[in-house]
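Colleague: okay, sequence plus prediction incoming.
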Amino acid sequence: MIARKTYLDQLKAFIDKPLVKVLTGIRRSGKSSVLLLLKDKLIQLGIEPEQIIFINLESFNFSELRTASKLYHYILEKAPTGKKVYLLLDEIQEVSEWERAVNSLMVDLDTDIYLTGSNSHLLSSELATYLAGRYVEIPVYTLSFSEYLDFRQHYALALQSKQAPFLSYLRLGGFPVLHIADYNEESAYKVVYDIYSSVILRDSVQRYNIRDVELLERVVKYVFDNIGNTFSGKNVADYFKSQQRKTDINTIYNYLHALEGAFIVYRAPRYDIKGKEILKTQEKFYLSDIGLLYATMGYRDRMISGILENIVYLELRRRGYQVYVGKLNSREIDFIAEKQGNKLYVQVAYKLESRETVEREFSTLLAIKDQYPKYVVTMDEFWKESVEGVLHYYISDFLVYDGF
């Protein structure tokens with residue numbers, strides 16, 4: 001099993017701290033593997049194996065523990081007397097009223113608790129209520145391009161020219177299971193479609209009691225087909241009306257809320273640079289992994305610009321940035337990314353094939369009069385490096401660049 005250093009380093013910083021550590025992300029993004037890697041790390045640090053209780057709550061072996069009371073008493077029975085207990089609880093949302101068990105265990109045991117969950121709303125809302133100020137959330141994403149390269153090398157899978165690795169990543173996406181063996185595109189998309197089906201059923205339909213599954217699927221396809229485009233619930237409702245399918249805006253927003261909760265999509269709000277405020281309309285949605293698009297709708301060359309945007313958006317999120325869609329008067333900046341008082345701006349395009357494209361991408365960033373870094377990211381490998389301080393990067397170089 002290959003270490004995912006980014007997440008292990010984040011967890012190591014909180015070992016033995018009086019906070020519940022919560023790993024969140026879409027199913028099959030690698031949360032369970034990170035938890036197992038943490039178990040190995042704890043043993044390396046001198047923790048005795050009997051002090052570590054690892055429970056996969058999706059396993060049939062632990063199906064009887066899916067109530068707070070039974071989980072609580074099971075752990076009390078297993079905990080060694082007089083020693084600190086390290087609890088690693090995988091897919092905690094499978095336990096009804098799990099937050100009560102966790103809260104009680106924090107009171108009644110000398111314990112260090114690590115959880116994973118596949119539903120953002122369940123974790124954030126419930127934790128905020130029961131464990132206010134006593135938890136830290138660590139998002140786990142599918143593989144970054146750098147991690148993808150590590151996986152290919154670790155599993156001795158072919159890496160060819162400089163461009164070939166990125167093109168493969170572009171066509172397959174980052175679900176870890178795809179990169180521990182050689183899959184052709186058809187097989188890879190089938191694997192991802194099975195993941196998608198499970199997420200839709202278990203983390204959207206069942207979790208939010210959605211009755212009109214066919215409408216949910218239509219909303220999914222509309223969102224997937226509009227990567228990189230700003231839209232609102234009204235846009236979606238109007239589109240369905242044109243297709244002779246009436247639905248109200250509240251239902252659309254409820255379904256988008258469910259898709260966000262299951263980590264199928266992320267919402268990027270718009271930020272008005274001039275007014276210095278977050279706008280409430282015309283946000284963008286990006287997929288948690290581009291493989292979801294291909295698995296459900298096939299690869300679409302016409303969507304390449306949006307797909308590249310999606311990849312860059314996820315990279316910024318992985319690095320801990322809050323990411324917004326920028327607005328400067330009538331111009332749009334693809335991304336404004338902020339972290340700990342620092343900021344950067346990114347424009348993403350397929351290729352700078354015309355003077356008009358160059359003017360559009362660079363002039364928008366040049367119009368921003370501050371000293372924060374500005375980047376144009378494209379698939380042009382051989383193009384000049386910068387224009388008046390705005391840096392140009394080939395996308396694969398940008399994704400592995402450690403300067404931001």
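Modeller: Nice, thanks for sending it over.

Colleague: and the closest residue to E137 other than its chain neighbours, how many neighbours?
Modeller: Closest residue to E137 apart from its sequence neighbours, by Cβ to Cβ, 6 or more residues apart in numbering: V22 at 4.8 Å. Heads up, the C-betas are built off the backbone N, CA and C, glycines and all. Using other Cβ atoms under 10 Å, V22 has 23 other residues around it.

Colleague: can you give me the strands in the protein?
Modeller: 20-24, 52-56, 85-90, 111-117, 135-139, 265-272, 277-287, 322-328, 331-339, 342-348, 374-378, 386-387, 390-394 (DSSP state E).

Colleague: among those, which is nearest N184?
Modeller: N184 lies closest to strand 277-287 among the strands of the chain, at 21.6 Å (Cβ to Cβ).

Colleague: parallel or antiparallel, list what pairs with the closest one.
Modeller: Strand 277-287 has its sheet partners listed here by DSSP bridges as strand 265-272 (antiparallel).

Colleague: for the partner strand, buried residues please.
Modeller: Using 16 or more other Cβ atoms under 10 Å as the test for burial, strand 265-272 gives V265, Y266, A268, R270, Y271.

Colleague: may I see these organised as TSV, with pLDDT added?
Modeller: Below are these laid out as TSV (pLDDT from 0 to 100):
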residue	pLDDT
V265	96
Y266	96
A268	95
R270	92
Y271	89
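
Colleague: nearest to I53 among the residues you listed?
Modeller: If you rank the buried residues of strand 265-272 by distance to I53 using Cβ to Cβ, Y266 comes first, at 32.4 Å.

Colleague: spit out the contact partners of the closest residue to L65 other than its chain neighbours.
Modeller: Leaving aside its sequence neighbours, L65 sits nearest to L71 (Cβ to Cβ, 6+ apart; 4.6 Å). Counting by Cβ atoms under 8 Å, 6 or more residues apart in numbering, L71 touches I55, L57, L65, L89, V95, W98, A101.

Colleague: ok, I52 touching K41?
Modeller: No. In this structure, I52 is not within contact of K41 by Cβ atoms under 8 Å, at 10.6 Å.

Colleague: quick one, which of the two is more surrounded?
Modeller: Between I52 and K41, counted using other Cβ under 10 Å, I52 has the larger neighbour count: 18 against 15.

Colleague: so what sits opposite the more buried one in the bridge?
Modeller: On DSSP bridges, the residues paired with I52 through beta bridges are Y86.

Colleague: so where do the helices sit in the stretch 1-150 of the chain?
Modeller: Ranges of helices in the stretch 1-150 of the chain, per DSSP state H, counting those that start in this stretch, are 5-12, 31-44, 68-78, 98-108, 120-130, 145-154.

Colleague: ranking the ones you listed by mean pLDDT, which is last?
Modeller: For the helices of the stretch 1-150 of the chain, mean pLDDT drops lowest on helix 120-130, to a mean of 64.

Colleague: who wins on neighbours among the contacts of L71?
Modeller: Counting neighbours by other Cβ under 10 Å, L89 leads the contacts of L71 with 28 neighbours.

Colleague: tell me the pLDDT at that one?
Modeller: Confidence for L89, expressed as pLDDT, is 97.

Colleague: so who does it touch?
Modeller: By Cβ under 8 Å, 6+ apart, the residues touching L89 are I55, L57, L71, V102, I113, Y114, L115, T116.

Colleague: least trustworthy helix or strand in the chain by mean pLDDT?
Modeller: helix 120-130 (a mean of 64; mean pLDDT, DSSP states H and E).

Colleague: any idea how far the spatially most central residue of the chain is from S29?
Modeller: By Cα atoms, centre = their mean, the chain has its centre lying nearest to Y141, at 4.2 Å. Distance, Y141 to S29, by Cβ to Cβ, to the nearest Å: 6 Å.

Colleague: so what sits against both of the two?
Modeller: Common contacts of Y141 and S29 (Cβ under 8 Å, 6+ apart): S288.

Colleague: pick the one among the buried residues of strand 265-272 closest to K221.
Modeller: Nearest to K221 among these: V265, at 12.1 Å, using Cβ to Cβ.
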